[in-house]
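**Student:** could you look at this predicted model? Sequence included:
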Amino acid sequence: MKPTEPVSIDGITFDAMIDLDENWDADVPSFPVETGFEVSDTIVLRPIKLSMKVFLTNTPVTWKQLRGTDIYRVDEVIERLKELYFSKTPITVSTSDNDYEDMAIVNIALPKTVAMGSSKEIPITFQQIRTVEAATTSVPASLGRGGASGVNSGTANVNARPASTPASGAVKRKVRVIEAVFYIICRVAPGFWAAATEL
């Protein structure tokens, strides 16, 4: 295996990077785009993905002068990788070519083989997290006014209850008159009330 610059994952240094795939994907519309519209507005860029396989051993040779020999190093690094995964926090991945910030661990594989012994070839997949900053702006007063004159367009009270219309008031008065007439008839002619209740 050809020695390469060690890769660093959130400050954890590995002995070698065996493979690295840097993926840039975009969602391109399959439907026709109307003439006159910006085509770039319809293309959605997806977050960067990194897929790498790193090498880790307790007895490094190429970078021995940096870390020495530690029989517990592989286990300690694996535990730190698990902590990074479960913490769900953005991290920085550094390679010999680039630094990738705001990366999240999507997948970690921890294979065990007799041939590798205590050493590990660990496949890890990362995906970049996009961040945006909130911004506020002042709205010109003219936008809240009506017409070219800029005169206030008035206000509306959304909490006010609608007033009764003349029609609804007239109906209520008719109901009260009918109730009064019915009451008088019942007082003057009790037999009418008994006949009415039997209907």
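**Tutor:** All right, it came through fine. Numbering: from 1, shown residues only.

**Student:** the protein: strands as residue ranges?
**Tutor:** Using DSSP state E, the strands of the chain run over 8-9, 12-13, 16-23, 26-27, 44-45, 49-56, 91-94, 99-108, 120-128, 145-146, 151-152.

**Student:** so which elements touch the second one?
**Tutor:** So that's strand 12-13. On a contact count with 3 or more Cβ pairs under 8 Å, 6 or more residues apart in numbering; DSSP states H and E, strand 12-13 meets helix 73-87. Using the backbone N, CA and C atoms, a C-beta is placed for each residue, glycine as well.

**Student:** and what of the third one?
**Tutor:** Where contact means 3+ Cβ pairs under 8 Å, 6+ apart, strand 16-23 is packed against strand 49-56.

**Student:** pLDDT weak spots in the protein?
**Tutor:** Applying pLDDT under 70 to the chain flags the ranges 1-5, 36-41, 61-70, 138-177, 180-199.

**Student:** mind redoing it with 90?
**Tutor:** 1-7, 13-17, 27-45, 56-73, 96-97, 111-119, 130-199 (pLDDT under 90).

**Student:** so it: which segments form each domain?
**Tutor:** Listed domain ranges for the chain are 8-30+41-128, 167-199 (source: automatic domain parsing).

**Student:** just the terminal-to-terminal distance for the longest one.
**Tutor:** Using Cα to Cα, to the nearest Å, the gap from the first to the last residue of domain 8-30+41-128 comes to 16 Å.

**Student:** hang on, the earlier thing: which stretch among the strands of the chain comes nearest Leu81?
**Tutor:** With Cβ to Cβ as the measure, strand 99-108 is the member of the strands of the chain nearest Leu81 (5.9 Å).
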